[in-house]
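>>> Here is my input, please return the structure:
(one chain, ligands or ions: 1)
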Amino acid sequence: MSSRYQAVKGTRDILPPESQHWTIVEQTARNLFRQYGYQEIRTPVFESRDLFVRSVGETTEVITKQMYSFQDQGGKWLALRPEGTVPVLRAFIQQGLYNRPQPYRYFYIGPMFRRERPQKGRYRQFHQIGVEVLAESSPLADAEVIAMAAEFLGSLGIRFTRLEINSIGCLRCRPAYITALKQYFGNHRDALCEDCINRLEVNPLRILDCKNPDCRDLFPNAPSIDAFLCSNCHDHFAQVRNFLHHLAVEFNFNPRLVRGLDYYMRTTFEFLVGESSAQNAVLGGGRYDGLLKELGGPDWPGIGFAIGMERLMELVPREPFHEESYEVMVIPLEPSAILDALTWTQHLRQNQFSAWVNTNSVSLRSALRLANKCRVPFVVILGVDEITSGKWTLRDMRSGEQIRFEPDSLMEHLLRIRQTN
Ligand code: AMP
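All right, here's what the predicted structure looks like:
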């Protein structure tokens, strides 16, 4: 059958059993983050457009090219959230969360939207798991956030990730670096792609994030930020690295690591997989002191990261699931058995079994065939004999063995089997 409707380009359906893997990964994140004192926050998927334009940066690609923004019927400009940090901070300020006691540590899990060119690992609706830590300025916070990210990837069994870290300085020291970059890339203008020629004017730092190989060829000789860091930024970064050593988190210093959003300052980091670096960031984050104040909140620092779920799921080694749709299929063969089947199946569910009353199959044979196909381990048959004798038939689909029980003993029998398994 050909489908009349197709999912929108750049979006995709997450189907079972893949969706089960997603749930497990999300649960792993929830458990780990809770150990570090993070609490979940859920914000709307759309916000006013302005919120993102000002904070993410008017000249960033995320805003200029990728953000889904639209006017609603009331003429208000809205945007599907392209990232999770800014909505969390908006909620933090609006809901007065800063009046509560510390820690201000939050995590979120949910869809984000960017109109990127669809390609492997890049979607227009994608999902992120992210964390935000507010009001912690110490380099220890940076190191702890990074260590937690490493622990998360490790706990999922993901290997061969490379952590790259950098400091992109602060408003005091970055301008001199940007001037130096502008000069350097200005001298190589002819080799730059069209986007980077534009970036040269509006946001030279972002050239370092370009994926174009010709532009990338220029990077090795480009000025390096570490020569420009002010003493505060320099000390902060040195301490972050010390703490990471202490926590036994391995990293590479990459002086050209910049991130796609304008609000970052000082520590930036990415976990990469594979060889061609920029394409393969599975997790990225950094410090964003100043952003909370800019959004109208207290002048408190912040740091966080976001993991791309789609890319993450490609890396998670997985055990095959038993593709079991139900544990018990109850088959009433007579209309008069349906109500008994229904109530008893509810008891099964109250006892934490997954169960289904099959009234679809036309015969016992076809019901058993279906149970086989769906790998249902137990079937309960309710035919005329069973109804009149009050003894129902339990069939073990793996052995083919059939035993008769009164309904209560049947439940006890199933509970016993589960306990011994
Ligand atoms: P960012 O919010 O740009 O710092 O991205 C953080 C992470 O989200 C990246 O490392 C990717 O894993 C993931 N990500 C960003 N954009 C996309 C996209 N269009 N499709 C899938 N994953 C994405």
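>>> Near the ligand, which residues of the chain are found?
83, 114, 116, 121-123, 126, 128, 259-260, 281-284, 306, 308, 310-311 (C-beta under 6 Å from any ligand atom). (C-beta placed from N, C-alpha, C; glycine too.)
>>> Buried ones among the residues you listed?
83, 114, 116, 123, 126, 128, 259-260, 281-284, 306, 308, 310-311 (16 or more other C-beta atoms under 10 Å).
>>> for those, which one is nearest residue 67?
Set against residue 67, the nearest of those by C-beta to C-beta is residue 114 (7.0 Å).
>>> Next up, the contacts around the closest one.
Residue 114 makes contact with 62, 66-68, 82, 124, 126 under the criterion C-beta atoms under 8 Å, 6 or more residues apart in numbering.
>>> try it again with 6 Å
66, 82 (C-beta atoms under 6 Å, 6 or more residues apart in numbering).
>>> Equivalent analysis for residue 356, please.
Contacts of residue 356 by C-beta under 6 Å, 6+ apart are 326, 329.
>>> Shouldn't it be within a strand?
Yes - checked against DSSP: H, G, I helix; E, B strand; the rest coil, residue 356 lies within a strand.
>>> Now intersect the residues of the chain next to the ligand with the strands, please.
In this view, the residues of the chain next to the ligand that belong to strands under DSSP state E are 126, 128, 281-284, 306, 308.
>>> Can you tell me which of those residues has the lowest confidence score?
Within these, residue 281 has the lowest pLDDT, namely 90.
>>> ok and the residue in the stretch 101-250 of the chain nearest the ligand?
residue 126 (3.4 Å; C-beta to the nearest ligand atom).
>>> so what's the residue lying closest to that residue once chain neighbours are set aside scoring on pLDDT?
With C-beta to C-beta, 6 or more residues apart in numbering as the criterion, residue 126 has its nearest non-adjacent residue at 5.3 Å, and that residue is residue 310. Looking at residue 310, its pLDDT reads 95.
>>> Could you measure from residue 310 over to residue 115?
16 Å (C-beta to C-beta, to the nearest Å).
>>> One more: residue 419?
Distance from residue 419 to residue 115, counting by C-beta to C-beta: 53 Å.
>>> So if I had to pick from the two, which one is more boxed in?
residue 115 (16 against 7; other C-beta atoms under 10 Å).
>>> in the sheet, who's paired with the residue of the chain found nearest the ligand?
The minimum distance from the chain to the ligand, using C-beta to the nearest ligand atom, falls at residue 308 (2.2 Å). Beta-bridge partners recorded for residue 308 (DSSP bridges): residue 128.
>>> Can you check the distance spanned by stretch 224-235, start to finish?
This stretch, stretch 224-235, spans 17 Å end to end (C-alpha to C-alpha, to the nearest Å).
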